[in-house]
Structures are given as structure tokens and as C-alpha cells.
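>>> fold the following, please.
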Amino acid sequence: MMSARGCGPSFFGSMADAPSVEVRETAEAGVSMKIHFTFTFLEPDDSHPTKTIVKKIIQKQTSSTNRRWFLWTGLTAFISGLLGRDAVAQAAKTPPGLQKSGEPLTARMRLGNPPAQPLDTMLLFERGDNNNGRPTTHQVLSLIHQEKGKNSYPWTLYSSLETAHETGDACVVCSRLHKNGAGWSSGLHSEVFNHGRMVALGVNVEMSNDYSGPDPTEVIGVNIQAVAGPHPMQYGIQIHDGQGHFEKGIGLNGTSERGIDLNGKYDVGLDMHGNPIRLDEGTCVILDGKGQIRVRYQKGRIEFLNGDHCFGHLDVNGVDHAL
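Numbering: from 1, shown residues only. From the prediction side, this is the model:
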């Protein structure tokens, strides 16, 4: 009869926590053997990605050579199997409820024959399709995420870049679209289905600027450029109705020197079509570049001003007459 004693299947960080195994034979055999296993775990170096297990074996025996060899072989197999399972579990802990299926991924995967891209990348998934049957969606990478908890910051895809480059262009997410057919296409597409209270945003841009040096600097929330093509494009920004509508097309709710700065060269700066322009009472329409000559409505009068001096007015309650 043999009995074995050992610690549970886990790695230990110090000699005090190292597992030991003790084996005893029956007293009737007249002999006994005791084997202690002590394991020291070293931190990995640059040449080895996993922890190195160093075994120090102290063997004390009072039995024959055959019995010693038999017990040694069995215990070695037992401990090796136990530590092998622990090493795998330590290297890749599986979250509870995780289900895995399909083929393992590699750093380079290619399906079909898409055009080659000049990329210096760690991971590259390429796909070339030629679908002429029933139209369905096709993806290279799909991420599906659901959060049912109440206290969380669910970020399905996170990307971060810190750069100090002087030459070249940096972008955290780069999207390129080559459109060769008549199908509806979008470089970036966002759909928001709001079913709850508070804030829902299709695209959110948060900016900051703490540069105080002498060099000219432009920090812009959204930049839209017409970079190429012999023919004009229709809109830089378009807002239109589908099955719903917006209460306000554009909301400018900040504080700045100018709400809208039309610094380009346009045949018409604002084409209102059949839409009115509304000003609150006392707000001026400025007629010169210095802001001196102004027109405003205030207290029943349409006033003409040169600076703060009113040099003429019209009584809106007066008799209709030619000016």
C-alpha cells in the first residue's frame, strides 16, 4: 500500500511554498522510502519566454535497487504530468465560459488574391473575393460585444498611439476606400440605435492643446479635404433626412471668436433658398470689415449705427411711406 501527499496544481514563487511528495510502503515489507521534490522557479530571461523549472531532488532510500527504480519512475511520471498541466494553464488562462472553435490564427493569413499593400505590420489578414451570387456581407475581421452590466466602460475596439515623429504622417486608424462600382460605399460607417436615455453619439471627437511654443500650430477637430479628381464633389458635409429627422441640423454651443468662418472664395457665402435668417432683438448685422457700420432692431426701431452712435432709425410702427 502506498500513500502520496502533495500540494495542489499551481506554481509556487518561493522555496517555502514548493510542493513536496512523500511515498511510504507498508510496514510489513520491512523497508521504507521517502522522496522529497523541491522546485525552484526562476524568472524568464530574454532567450526563453516561459519559466524554467529547476528540480532539486533529495533521495533517501533503504530498499533494493529494483524497488527504488520502480518508485522513482512512477513518481517522476506523476509529477511531470502534474507540472505539465500546470504550465499550460499558467501560460494561457482561459476565462470562465470561453468557447473556442475553428482553426488557430497565424500572423499572416491570405484568402484569394487581393492587391498587395506596402505595409510594415505585425499581423496581416488578406482577403480577395469574387462574389456574384446573392449579396451578403463579407468581413476580414468581426468583433461582437455585448455588455449587460450597469457599471462599465465597454470599449469593443481600443487603439492607442504615442509618437514623436517629425517627418511623415501619423494616424491611429487609417481607412482607405477605392470605389470602382455603382454600389453605395463609405470609408467609415457608424450606425447608432438609441433605446435608452441620456447621450448617444455617432462620432465623438475630443481635443486638447497644451503647446505653447513659437511655431504655428493648427489643432482641428474634423478636417475634410478635396484632395484630387478632375471633377468637383458635391458636399463636404451633408445632413439630410431618412426615416427620421434632426431638430437642428448643426449646433454650435461653444464660445469662440467666430461661429462660422467663411475664409474661402465662394460665389455665394450663404444660400438660404427659402429659409429665413433670424436674429434676436439688439443683435447687429455688420456691414464693414471693422465692425463699425451696423444695423439692428431694438425697441420698435430699426437703427443704423456707426460704432455706438445711431445716426438714423426707422419706426416699425410708423405709417407706410417711401424712403
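
>>> and the residue most central in space within the chain, what's its pLDDT?
The centroid of the chain falls nearest to residue 158 when counting by CA atoms, centre = their mean (2.2 Å). Listed pLDDT for residue 158 reads 97.

>>> tell me which element it is part of?
Using DSSP states H and E, residue 158 maps to neither a helix nor a strand.

>>> now it: how far from residue 145?
Distance, residue 158 to residue 145, by CB to CB, to the nearest Å: 11 Å. For glycine as for every other residue, the C-beta is placed from the backbone atoms N, C-alpha and C.

>>> and what of residue 215?
Counting by CB to CB - residue 215 and residue 145 are separated by 41 Å.

>>> what about those two, which has more around it?
Neighbour count, other CB atoms under 10 Å: between residue 215 and residue 145, residue 145 has more, with 8 against 5.

>>> the more buried one reaches residue 156, doesn't it?
Yes. Taking CB atoms under 8 Å as the definition, residue 145 is a contact partner of residue 156 at 4.1 Å.

>>> residues shared between the contacts of these two?
Taking CB atoms under 8 Å, 6 or more residues apart in numbering as the contact rule, residue 145 and residue 156 have no neighbour in common.

>>> for residue 239, see how far away residue 248 is.
10 Å.

>>> among these two, which residue is more densely surrounded?
In this view residue 248 and residue 239 are compared by other CB under 10 Å, and residue 239 has more residues nearby, 10 against 7.

>>> can you count the residues close to the nearest residue to the more buried one once chain neighbours are set aside?
Nearest residue to residue 239 in three dimensions, chain neighbours excluded: residue 249, at 4.8 Å (CB to CB, 6 or more residues apart in numbering). Using other CB under 10 Å, residue 249 has 9 neighbouring residues.

>>> with residue 263 instead?
For residue 263, the neighbour count with other CB under 10 Å is 6.

>>> the one 3 residues further on too?
Each residue near residue 266 was counted by other CB under 10 Å, and the total is 9.

>>> now it: which helix or strand?
Applying DSSP H and E, one finds residue 266 in no helix or strand.

>>> same check, this time on residue 110
strand 108-111.

>>> and that strand, what other elements does it pack with?
For strand 108-111, the packing partners by 3 or more CB pairs under 8 Å, 6 or more residues apart in numbering; DSSP states H and E come out as strand 124-127.

>>> what does the strand holding residue 110 contact?
By CB under 8 Å, 6+ apart, the surrounding residues in contact with strand 108-111 are 123, 124, 125, 126, 127, 128.
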